[in-house]
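Structure here, sequence nowhere to be found:
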């Protein structure tokens, strides 16, 4: 990775490793071969959390201190969607049955999205 690794996810199912860095980069490798796939400047601040999911393509989901959640195609590195949260994003979770994405952060807010058609659905406050 082109910076200090802050977070990572490994998926044997998707044969993928995804890492987020302190300087906002996302990097991806093939798990079986270790072959480097791509690296991109996904965020303007530290990437705090990443997840590899199926939706129906393999997506990398990243949350950052910059207040954004990025959905990135793991095969190409192309950004699929950028979703705005109210503050730094510390956690992301994906449920393929919806498909739903939830994230939470420093602002004590949990945001939910229905990912078809990539629109914010609701916010829940604790």
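Yep, it's here. None of these values were measured; they are calculated from a predicted model.

Excluding sequence neighbours, find me the nearest residue to residue 4.
Leaving aside its chain neighbours, residue 4 sits nearest to residue 22 (4.3 Å; criterion: Cβ to Cβ, 6 or more residues apart in numbering). C-beta here means a position set from N, CA and C on the backbone, and glycine is covered the same way.

residues touching that neighbour, list them.
Contact analysis of residue 22 by Cβ atoms under 8 Å, 6 or more residues apart in numbering lists 3, 4, 5, 6, 46, 47.

buried sites along the helix or strand that contains the fourth one?
Under DSSP states H and E, the secondary-structure element containing residue 6 is strand 5-11. Along strand 5-11, the positions that meet the burial threshold by neighbour count (16 or more other Cβ atoms under 10 Å) are 6, 7, 8, 9, 11.

just checking, next helix/strand downstream of that strand?
strand 16-21.

What distance do you get for residue 115 to residue 37?
To residue 37, residue 115 is 23 Å away according to Cβ to Cβ, to the nearest Å.

and if you look at residue 96?
22 Å.

Next: residue 83.
Counting by Cβ to Cβ, the gap from residue 83 to residue 37 is 23 Å.

for residue 89, same thing?
23 Å.

next one: stretch 58-73 to chain centre, how far?
3 Å (Cα atoms, centre = their mean, to the nearest Å).

those strands in this protein, which residues are they?
5-11, 16-21, 25-30, 36-41, 47-54, 58-64, 68-73, 79-84, 89-95, 100-105, 110-114, 119-124 (DSSP state E).

Let me see the mean pLDDT of stretch 92-104.
Stretch 92-104 carries an average pLDDT of 85.
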